[in-house]
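> 3D, please:
(chains A and B)
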Number of protein chains: 2
Amino acid sequence: MLNFNYYNPTRVVFGTKTIGKVGSLAKLYGKKILLHYGGGSIKQNGVYEQVCNSLKEANLQIIELPGVVPNPHLSLVREGIELCKKEQIDLILAVGGGSVIDSAKAIAFGALLRSDEDVWDDYYMKQEYVVREAMPVGVVLTIPAAGSESSSGSVITDWEKNLKRDVGSELLIPKFAIMDPETNYTLPAYQTACGASDILAHLMERYFTLEKYNDLSDRLLESAMRNVIAYGPLALKHPKEYRYRAELMWTGTIAHNNLLDRGRVGDWASHDIEHEISGIYDIAHGAGLSIVFPAWMKYVYHTNIDRFVQFAIRVWDVSLSFDDKDDIVKVAIERLEDFYRSLDLPVRLSDANIGSENIRKMAESAMIGRTSLGNFQKLDADAIEKILKLAL
Amino acid sequence: MLNFNYYNPTRVVFGTKTIGKVGSLAKLYGKKILLHYGGGSIKQNGVYEQVCNSLKEANLQIIELPGVVPNPHLSLVREGIELCKKEQIDLILAVGGGSVIDSAKAIAFGALLRSDEDVWDDYYMKQEYVVREAMPVGVVLTIPAAGSESSSGSVITDWEKNLKRDVGSELLIPKFAIMDPETNYTLPAYQTACGASDILAHLMERYFTLEKYNDLSDRLLESAMRNVIAYGPLALKHPKEYRYRAELMWTGTIAHNNLLDRGRVGDWASHDIEHEISGIYDIAHGAGLSIVFPAWMKYVYHTNIDRFVQFAIRVWDVSLSFDDKDDIVKVAIERLEDFYRSLDLPVRLSDANIGSENIRKMAESAMIGRTSLGNFQKLDADAIEKILKLAL
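Reported below is the predicted structural model:
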């Protein structure tokens, strides 16, 4: 077990009819709110109205910045930064899923940079500087997936250059997160499925480590994985069943608030490889992960087969003789693929109509500004190419 | 699943050789530190010296208040309150286990009360007021057990009246907690065992609820319970094995930082009943719990036998036919008792040389200022008497 720090001060307000609390929470941070959201689904499901009513009741002034799309754009971040400066915003309120929250976080520290710094070049790309200060971000979460509502990370895409990169800082952890599972009732099935895939991926990235003697983290991760595996398909089949939505939503937060991987370094190669796919094809992150993860597993499991055997037994209940550990691992990966299929997610590039045409390009792009990907096994461009070919 | 809030801003610094960070952490809260500790074991194991050196290196002024004993005394709390006022203390640094931390928390809000309020009468006993403000508390944890290092609670005993009571407020959550598992190497075996028992009890109190559809919390609790059951006896047998100590120490924090029981109301009757025993006999809290919990289980399990069946299967791997659920539960309780015995803890009052002489008195004392104990099953004085008789 490695030495570690843990600090996560997000105030979570979870449950039915909780959105009305946003005004009193936002008020703690000032008077002028940047309301940041996506394509308008929150106007259809009533969340927008509930949020605005609550903010107005608290006498807060609202400046709107809609238009965040999945794999959020650098261009909108730049717009938000200018808006925060011009309007002297006190709090950025992200209403939506991970893309909206990640965009809000980028704006939050981007608005406070020195004039000689650039949010994209100096932070997301070169990672030369450490975030020094950030505006407060609040969240009303409507999509359980990214875990960004209480995480320190932000992922942004430069669509001009097809580059997707991340920044992390505890200063970016949201101050509060309101989570009402009922807001998930109207999510498209595909988005529920991609969310479950993303949540499971966050847990698996943390699970596959070379660090030994860190059993509590293993067990907590296994518990959370079993919960996604149990309730993801149920939430998909019964979209308005509160308890299934609630299990999935809360698991999504726990999966990514960093408590579950203290004492170890996770892998994260599958996330980085997926970012290359969704950086070119604009596929949903969760759908990219269901393609990459099985291929990554097939490529790396011999690095520490016993870790995959533990995964097979404790997460997937694989009950086969230890005489053939490869068999145990293969069955676990098959069960993972079956899980994805039960959510109607792609498990091969071909399922998403992606061919081999950009594989080398994606493998090389993933290495820009990096010496390797992943920690369980360090990957170079050739290894990434092989993994993507296993995913064809 | 009930609606819930979650907020836990304690900064945890965990691992070997981390005590030297206390100066830089304490410095964030001011210049004058009340160093609060127990009977002097921290002087024998070197912790005191490490803490003082680090505080001095950070140019902090140290005022000492030693002398905290297990089941911490109201009288020392009153002394600490006067000292904080007189010396204009900025931060209370608790170096020790749960008793020291709980005492520090009582001082932290007691020092800021109005002159017409009394810390004991108005807060611990009558619970009339809500804590409005508190001085910052920092922790260097040397005993994994109480979980007070990141919890909102404080338990204090008035030894003149043999009353033990608790107060909770998020304002009492420590600002930081430094946790070096090596500080546990020199703990007496009995204290290690009592710590494991206390940790398991915190998990079981949260597990036994009547609230349905809260499976993630169940699973996380089960994971943490299995970890205590696995590593508690190992830490006892191999006191200087870092990895066993680390598992137990981190589980102790997770067990009580409130993340693992969101969406439900725990029981806590066993804790309250135990407080009556240790309020009279000055037995260690963990040893009282290993006596009370099996008896409580035997008395209440028919209230919701299926919850105990889940406990038996998921925590204790009981593999018996569902034709006789009582059998399944009885085997689980036997395994729990065997676990306690493997730690050399008492499982009956007689094991701790306690007879029936005060049973009625304890049962009635537990009801002072309360209408019932526990939530899984509401207990009155007669029920508590029956449970204590089952523990004879």
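> would you say A:Asp198 is within a strand?
No. Counting by DSSP: H, G, I helix; E, B strand; the rest coil, A:Asp198 falls outside a strand, being helix.
> Could I get the buried residue list for whichever strand or helix holds A:Met362?
Assigned by DSSP states H and E, A:Met362 belongs to helix A:359-366. For helix A:359-366, a neighbour-count test (16 or more other CB atoms under 10 Å in any protein chain shown) marks A:Ile359, A:Met362, A:Ala363, A:Ser365, A:Ala366 as buried. In this view, the C-beta of every residue, glycine as well, is placed from N, C-alpha and C.
> Flag every residue of chain A that's near chain B.
Within chain A, the positions near chain B by CB under 8 Å from any CB of the partner chain are A:1-18, A:213, A:215-216, A:219-220, A:222-224, A:226-227, A:230-231, A:242-243, A:246-247, A:250-251, A:254, A:259, A:262-263.
> Just the ones in helices from those, please.
A:215-216, A:219-220, A:222-224, A:226-227, A:230-231, A:242-243, A:246-247, A:250-251, A:254 (DSSP state H).
> circling back to that earlier point, following the helix holding A:Met362, which helix or strand comes up?
Next along the chain after helix A:359-366, taking DSSP H and E as the criterion, comes helix A:381-390.
> packing partners for that next one?
The contact analysis (3 or more CB pairs under 8 Å, 6 or more residues apart in numbering or on different chains; DSSP states H and E) places helix A:381-390 against helix A:269-281, helix A:285-300, helix A:359-366.
> Which neighbouring elements make contact with the first one?
The reference is to helix A:269-281. Going by 3+ CB pairs under 8 Å, 6+ apart, helix A:269-281 lies up against strand A:153-158, strand A:163-168, helix A:189-207, helix A:285-300, helix A:359-366, helix A:381-390.
> May I have it exported as PDB, CA atoms only?
What follows is helix A:269-281, C-alpha atoms only, in PDB (Å, rounded to 0.1, in the frame of the first residue of the first chain):
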ATOM      1  CA  ALA A 269      -4.700   3.400 -20.300                       C
ATOM      2  CA  SER A 270      -8.200   2.400 -21.500                       C
ATOM      3  CA  HIS A 271      -9.500   5.800 -20.800                       C
ATOM      4  CA  ASP A 272      -6.700   7.400 -22.700                       C
ATOM      5  CA  ILE A 273      -7.000   5.100 -25.600                       C
ATOM      6  CA  GLU A 274     -10.800   5.700 -25.600                       C
ATOM      7  CA  HIS A 275     -10.200   9.400 -25.700                       C
ATOM      8  CA  GLU A 276      -8.400   8.900 -29.000                       C
ATOM      9  CA  ILE A 277     -11.400   7.100 -30.500                       C
ATOM     10  CA  SER A 278     -13.900   9.700 -29.300                       C
ATOM     11  CA  GLY A 279     -11.500  12.400 -30.200                       C
ATOM     12  CA  ILE A 280     -11.900  11.400 -33.900                       C
ATOM     13  CA  TYR A 281     -15.300   9.700 -34.100                       C
END
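> From the chain's centre, how far out is it? Work that out for me.
Chain-centre distance of helix A:269-281: 13 Å, with CA atoms, centre = their mean, to the nearest Å.
> can I assume A:Trp296 is in contact with A:Lys386?
No. With contact defined as CB atoms under 8 Å, A:Trp296 does not reach A:Lys386; the gap is 10.3 Å.
> ok so, going back, now that we have the residues of chain A next to chain B, which of them are buried?
Neighbour-count burial (16+ other CB under 10 Å) is assigned, among those, to A:1, A:4, A:6, A:8, A:10-15, A:18, A:215-216, A:219-220, A:222-224, A:226-227, A:230-231, A:242-243, A:246-247, A:250-251, A:254, A:259, A:262-263.
> Counting neighbours, what do you get for the closest residue to A:Ala146 other than its chain neighbours?
Nearest residue to A:Ala146, sequence neighbours excluded (CB to CB, 6 or more residues apart in numbering or on different chains): A:Gly98, at 2.3 Å. A:Gly98 has 30 neighbouring residues, counting by other CB atoms under 10 Å in any protein chain shown.
> what's the distance between A:Gly98 and chain B?
19 Å (CB to the nearest CB, to the nearest Å).
> in terms of contact, does that residue touch A:Ser148 like I think?
Yes. With contact defined as CB under 8 Å, A:Gly98 counts as touching A:Ser148 (4.4 Å).
> Report the central residue of chain A.
A:Ala146 (2.7 Å; CA atoms, centre = their mean).
> and it, what is it in contact with?
A:Ala146 is in contact with A:Gly97, A:Gly98, A:Ser99, A:Ile101, A:Asp102, A:Asp198, A:Gly252, A:His256, A:His285, counting by CB atoms under 8 Å, 6 or more residues apart in numbering or on different chains.
> Tabulate the residues you listed (TSV), appending distance to A:Leu373 and pLDDT.
Compiled in TSV, those are given as follows (distance: CB to CB, whole Å; pLDDT from 0 to 100):
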residue	distance to A:Leu373	pLDDT
A:Gly97	25	96
A:Gly98	21	95
A:Ser99	22	94
A:Ile101	24	98
A:Asp102	20	97
A:Asp198	18	97
A:Gly252	24	98
A:His256	19	96
A:His285	16	91
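> Which one of the residues you listed sits in the busiest neighbourhood?
Using other CB under 10 Å as the neighbour test, those are led by A:Ile101, with 33 neighbours.
> That residue and chain B, how far apart?
As judged by CB to the nearest CB, A:Ile101 and chain B stand 17 Å apart.
> Please name the nearest non-neighbouring residue to that residue.
Spatial nearest neighbour of A:Ile101, excluding adjacent residues (CB to CB, 6+ apart): A:Ser148 at 3.9 Å.
> do the same with A:Thr16
A:Thr16 sits nearest to A:Glu182 (CB to CB, 6+ apart), 5.6 Å away.
> what are the phi and psi angles of the one you found?
Per-residue torsions, A:Glu182: phi -60, psi -20 (degrees, to the nearest 10).
> Kindly state the pLDDT recorded for it?
A:Glu182 carries a pLDDT value of 98.
> Tell me how many other residues surround it.
Using other CB under 10 Å, A:Glu182 has 20 other residues around it.
> and if you look at A:Ile354?
22.
> pretty sure it contacts A:Tyr281?
Yes. Applying CB under 8 Å, one finds A:Ile354 in contact with A:Tyr281, separated by 5.9 Å.
> ok, now how distant is A:Asn257 from A:Asn8?
Counting by CB to CB, to the nearest Å, the gap from A:Asn257 to A:Asn8 is 5 Å.
> Spit out the residues that contact those two alike.
Counting by CB under 8 Å, 6+ apart, the shared contacts of A:Asn257 and A:Asn8 are A:Ser150.
> From A:Ser321, how far off is the residue nearest to A:Ala146?
Remark: distance between A:Gly98 and A:Ser321 (CB to CB) = 41 Å.
> For A:Ser24, identify the helix or strand it belongs to.
helix A:22-26.
> chain center to that helix, what's the gap?
For helix A:22-26, the distance to the chain centre is 25 Å (CA atoms, centre = their mean).
> could you dump that helix to PDB, C-alpha only?
In PDB, the C-alpha atoms belonging to helix A:22-26 read as follows (Å, rounded to 0.1, in the frame of the first residue of the first chain):
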ATOM      1  CA  VAL A  22     -29.800  24.700  -5.300                       C
ATOM      2  CA  GLY A  23     -30.600  28.400  -4.500                       C
ATOM      3  CA  SER A  24     -29.700  28.200  -0.900                       C
ATOM      4  CA  LEU A  25     -26.500  26.300  -1.700                       C
ATOM      5  CA  ALA A  26     -25.400  28.600  -4.500                       C
END
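> who's in contact with it?
Under CB under 8 Å, 6+ apart, the answer for helix A:22-26 is A:11, A:13, A:33, A:50-51, A:54-58, A:60, A:91, A:93, A:138, A:140, A:175-176, A:178.
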